[in-house]
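Visitor: Give me the fold of what follows.
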Amino acid sequence: MNMRYLQEIRFRWDRLDADSYVRSIPSFQNLGSLVFDRNVTLLSGENGTGKSTLLEAVAVAFGFNPEGGTRNYNFSTYESHSSLHQALLLVKGPRRPKSSYFLRAESFYNVATKAEEYREFVPPEIYYRRFGGKSFHSQSHGESFMALMQGTFSEEGFYILDEPEAALSPQRQLTLLILIHQLAQKGAQFIIASHSPILLGIPDARILSFRDSGIRPCSYEETESYEITEMFINQREYFLKRLLSDSQDM
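Guide: Residues are numbered from 1 along each chain as shown. Sure thing, here's the model as predicted:
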């Protein structure tokens, strides 16, 4: 029996405004549904292919604040999210997560600021356990990311992460990979948009590749992040020579 918190999303395009820019995103064309059949689903693809747009829409439809945080966060610094959430029907499992979080790298500063404002409503022992023993703003960007994830994520949780590698060193990305894998094995569910060839290697994950031809499952080795990173590492001098030569011809 599928016990995942989010099992499927179905698209109801008739509910979306006719002039919405979302309709022009190539990967969304003729998209009827997406099934989540693993505890970790990774969204891979080039910039502008719709990964973050879809992730944001799923988060909003699930009840999260568009800028991130838990479902208890309710604030807005800039209304930039699309109306795609209005066209999504979420098929949820029989269980409800005991913990949940929507992490957006680009708006994390705003969420960290709001966390400080919410601080007076949270018992100190819980606040510091969740956030690494001190304010997010007194930590580096990467430290605050890891403090949040290590202090908040649990085995009975549902987490949507948009480019969590943005502030993390390769070593910290490996730490996050271990954390996600361990929690997923115990029942936590993650949906993650990432360009990281490290995080895209999370074991037992389903990778969905966003391309102009649509959204399709792919292997780790088929992701562009892996292909380009492998090419650069194994043929760095040749790769740079070609790139720099081509740039001089422009």
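
Visitor: Please count neighbours and contacts with C-alpha atoms only from this point.
Guide: OK.

Visitor: Identify each buried residue in stretch 194-214, please.
Guide: 194-202, 205-211, 214 (16 or more other Cα atoms under 10 Å).

Visitor: what's the following helix or strand after the helix or strand where Val60 lies?
Guide: Val60 belongs to helix 51-62 when assigned by DSSP states H and E. Moving toward the C-terminus from helix 51-62, the next helix or strand (DSSP H and E) is strand 88-92.

Visitor: ok, back up a step: could you check the angle the helix holding Val60 makes with strand 88-92?
Guide: 70 degrees (axes from the mean of the first three to the mean of the last three Cα atoms, to 10 degrees).

Visitor: Now do helix 51-62, average pLDDT.
Guide: Averaging pLDDT along helix 51-62 gives 93.

Visitor: how far out from the middle of the chain is that helix?
Guide: For helix 51-62, the separation from the chain centroid amounts to 9 Å (computed by Cα atoms, centre = their mean, to the nearest Å).

Visitor: Could you name the helices and strands sitting against that helix?
Guide: Packing contacts for helix 51-62, counted by 3 or more Cα pairs under 8 Å, 6 or more residues apart in numbering; DSSP states H and E, involve strand 40-45, strand 88-92, strand 157-162, strand 189-193.

Visitor: now the second one, how far from the centre of its chain.
Guide: Taking Cα atoms, centre = their mean, the mean C-alpha location of strand 88-92 is offset from the chain mean by 18 Å.

Visitor: Give the buried residues for that strand.
Guide: Result for strand 88-92 [16+ other Cα under 10 Å]: buried residues Leu88, Leu89, Leu90, Lys92.

Visitor: quick one: strands adjacent to that strand?
Guide: strand 6-11 (antiparallel) (DSSP bridges).

Visitor: and the partner strand, how far from the chain's centre?
Guide: Using Cα atoms, centre = their mean, the offset of strand 6-11 from its chain centre is 16 Å.

Visitor: quick one: contacts for Ser99?
Guide: Thr152, Phe153, Ser154, Glu156, Gly157, Phe158 (Cα atoms under 8 Å, 6 or more residues apart in numbering).

Visitor: what's the closest of the residues you listed to Val40?
Guide: Phe158 (10.2 Å; Cα to Cα).

Visitor: Bridged to that closest one, which residues?
Guide: Bridge pairing for Phe158 - DSSP bridges - gives Ser100, Gln189.

Visitor: Name the residues of the biggest helix by length in the chain that are buried.
Guide: Determined from DSSP state H, the single longest helix within the chain is helix 170-185. Within helix 170-185, the residues scored as buried using 16+ other Cα under 10 Å are Arg172, Gln173, Leu174, Leu176, Leu177, Ile180, His181, Leu183, Ala184.

Visitor: for it, packing partners?
Guide: Checking 3+ Cα pairs under 8 Å, 6+ apart, helix 170-185 ends up next to helix 141-152.

Visitor: okay, the angle between the helix it packs on and helix 170-185?
Guide: 20 degrees.

Visitor: roughly how far is helix 141-152 from the heart of the chain?
Guide: 15 Å.

Visitor: try stretch 207-217
Guide: 16 Å.

Visitor: Quick one: mean pLDDT over that stretch.
Guide: pLDDT averaged over stretch 207-217 gives 95.
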